[in-house]
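K.L.:
just coords:
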């Protein structure tokens, strides 16, 4: 059965007013999760039908992600895609080996880099703060299963993911990076070979100071709550200066808001200290970061840049994964590599975590 026939079978599980006049396949829509996206027009309404990758098999986690989204939309955040319910009242459908999700199509474009004005950045960071403020009020009973999956039982603790990042950095320093470098051969992804070498060469210089930052912060106690965990430039939609959509919640889980702040600001502002200051002030005005969260920011930002670049080398050359959109892979690496190269050229002292609200070093 072809993809469009599958879409019609899935949509038949929804009420009649979701019956489409048109289904437009969009492939992965520039993403890398393995999901497939379809734009569905039903009357004068437009929906996003998403086929989750077959590897995603946790109905409980998907129910929780949808519970968070539905909860924050009920708090008035109508620029988030609350999932639609099928005839049986579920927020996702099952067909074949996949979960399927139907949600409103969010308007706008992910075009901040084409127009990186401060007012647009303030809008993005305000939207993130509003999401965090709404998500933290999700009733505890809705999160019990996901807390158990993440081995989290209290409302605070070390930031999830930081110990894992530290283990990876230590592994690279102990010889894993040399092994990875030997996997880079021109016959695999020849157009990306130079980028892969630049990633490994630059990361080699950054690993020790990044390790030191992670070691200094891996035991910090921070509030833990639902976080997006993969919020970046391509997931924030603008109409003019206004945020009209926040999309892609595949990685949602419990974490520290500092992780979302570091990831989004790093993606939008890069190494522009002025934009970091603007973005942090906008977020801080709604959801103030405590001292531990502020201290985490440089560790999360620096380690995120280094490990994200090395992830791509791992996926392309060691694991030999296939990605249908080579141009999208190139674009993603071209976003990461200038920041990684700048880190490798920074004096080691610039990696020190200051006691005040963190900003990247001046250019």
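P.N.:
All right, it came through fine. Note that the structure is a prediction, hence the values are computed from the model and not measured. Numbers count the residues shown, from 1 in each chain.

K.L.:
when you work out contacts or count neighbours from here on, use the C-alpha atoms and nothing else.
P.N.:
Fine.

K.L.:
quick one: secondary structure of residue 76?
P.N.:
In three-state terms, and counting by DSSP: H, G, I helix; E, B strand; the rest coil, residue 76 is coil.

K.L.:
ok, now residue 91?
P.N.:
Each residue gets one of three states, and residue 91 gets coil by three-state DSSP.

K.L.:
quick one: it and residue 84 touch, right?
P.N.:
Yes - applying CA atoms under 8 Å as the test, residue 91 and residue 84 come out as touching, 5.7 Å apart.

K.L.:
joint contacts of the two?
P.N.:
In terms of CA atoms under 8 Å, 6 or more residues apart in numbering, residue 91 and residue 84 are both contacted by the residues 101-102.

K.L.:
tell me the secondary structure at residue 323.
P.N.:
Under three-state DSSP, the three-state class of residue 323 is coil.

K.L.:
how close does it get to residue 183?
P.N.:
Here the criterion is CA to CA, to the nearest Å. By it, residue 323 lies 18 Å from residue 183.

K.L.:
wait, residue 203 touches residue 339, no?
P.N.:
No - with contact defined as CA under 8 Å, residue 203 and residue 339 do not form a contacting pair (10.8 Å).

K.L.:
distance of the residue nearest to residue 160 when sequence neighbours are not counted from residue 237?
P.N.:
Distances taken as CA to CA, 6 or more residues apart in numbering place residue 255 nearest to residue 160, at 5.6 Å, with adjacent residues excluded. In this structure, residue 255 and residue 237 are separated by 23 Å, where distance is defined by CA to CA.

K.L.:
with residue 294 instead?
P.N.:
Taking CA to CA as the measure, residue 294 falls 26 Å from residue 237.

K.L.:
need the helices for the chain, in chain order.
P.N.:
In the chain, the helices defined using DSSP state H lie at 3-11, 59-74, 118-135, 144-149, 162-171, 177-182, 193-217, 257-269, 273-286, 291-313, 326-344.

K.L.:
which one of those helices is the most hemmed in?
P.N.:
Mean neighbours per residue, mean count of other CA atoms under 10 Å, is largest over these for helix 257-269, with a mean of 24.

K.L.:
between that one and helix 326-344, how many degrees?
P.N.:
With axes from the mean of the first three to the mean of the last three CA atoms, to 10 degrees as the criterion, the two stretches helix 257-269 and helix 326-344 enclose an angle of 100 degrees.

K.L.:
not counting its own residues, what contacts helix 257-269?
P.N.:
Outside of helix 257-269, the residues within contact range by CA under 8 Å, 6+ apart are 112-113, 116, 121, 125, 128, 132, 224-225, 227-233, 275-276, 279, 289, 293-294, 296-298, 300-301, 304.

K.L.:
show me the contacts for the nearest residue to residue 207 once chain neighbours are set aside.
P.N.:
Take residue 207 and drop its neighbours on the chain: the residue closest to it by CA to CA, 6+ apart is residue 169, 6.3 Å away. With contacts taken as CA under 8 Å, 6+ apart, residue 169 has the following neighbours: 207, 210-211.

K.L.:
next one, pLDDT for residue 169 please.
P.N.:
The pLDDT attached to residue 169 in the predicted structure is 98.

K.L.:
for the protein, which spans come out with low pLDDT?
P.N.:
Scanning the chain for pLDDT under 70 picks out 28-33, 142-154, 347-363.

K.L.:
need the contact list for the residue nearest to the spatial centre of it.
P.N.:
When CA atoms, centre = their mean is applied to the chain, the residue found nearest the centroid is residue 230 (1.0 Å). Listed by CA under 8 Å, 6+ apart, the contact set of residue 230 reads 248-252, 260, 263.

K.L.:
any chance of the residues you listed in JSON lines with distance to residue 189 as columns?
P.N.:
Supplementary listing: the contacts of residue 230 in JSON lines, determined by distance: CA to CA, whole Å:
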{"residue": "248", "distance to residue 189": "27"}
{"residue": "249", "distance to residue 189": "29"}
{"residue": "250", "distance to residue 189": "27"}
{"residue": "251", "distance to residue 189": "27"}
{"residue": "252", "distance to residue 189": "30"}
{"residue": "260", "distance to residue 189": "31"}
{"residue": "263", "distance to residue 189": "27"}
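
K.L.:
nearest to residue 327 among those residues?
P.N.:
Distance to residue 327 across the contacts of residue 230 (CA to CA) is lowest for residue 248, with 20.0 Å.

K.L.:
isn't the closest one right next to residue 237, touching?
P.N.:
No - under the criterion of CA under 8 Å, residue 248 is not in contact with residue 237, lying 11.1 Å apart.

K.L.:
between these two, who's got more neighbours?
P.N.:
Neighbours were counted for residue 248 and for residue 237 using other CA atoms under 10 Å; residue 237 has more, 23 against 17.

K.L.:
quick one: the more buried one from residue 200, how far?
P.N.:
32 Å.

K.L.:
what of residue 268?
P.N.:
Counting by CA to CA, the gap from residue 268 to residue 200 is 24 Å.

K.L.:
now for the residue nearest to residue 160: which residues touch it?
P.N.:
Applying CA under 8 Å, 6+ apart as the definition, the contact partners of residue 255 turn out to be 159-160, 224-227, 229.

K.L.:
farthest-separated two in the contacts of residue 230?
P.N.:
Using CA to CA, the pair of these lying farthest apart is 250 and 263, separated by 15.2 Å.

K.L.:
mind putting the contacts of residue 255 into a markdown table with neighbour count and distance to residue 26?
P.N.:
Formatted as a markdown table, these follow (neighbours: other CA atoms under 10 Å; distance: CA to CA, whole Å):
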| residue | neighbour count | distance to residue 26 |
| --- | --- | --- |
| 159 | 24 | 35 |
| 160 | 19 | 33 |
| 224 | 21 | 35 |
| 225 | 22 | 32 |
| 226 | 25 | 29 |
| 227 | 24 | 27 |
| 229 | 21 | 24 |
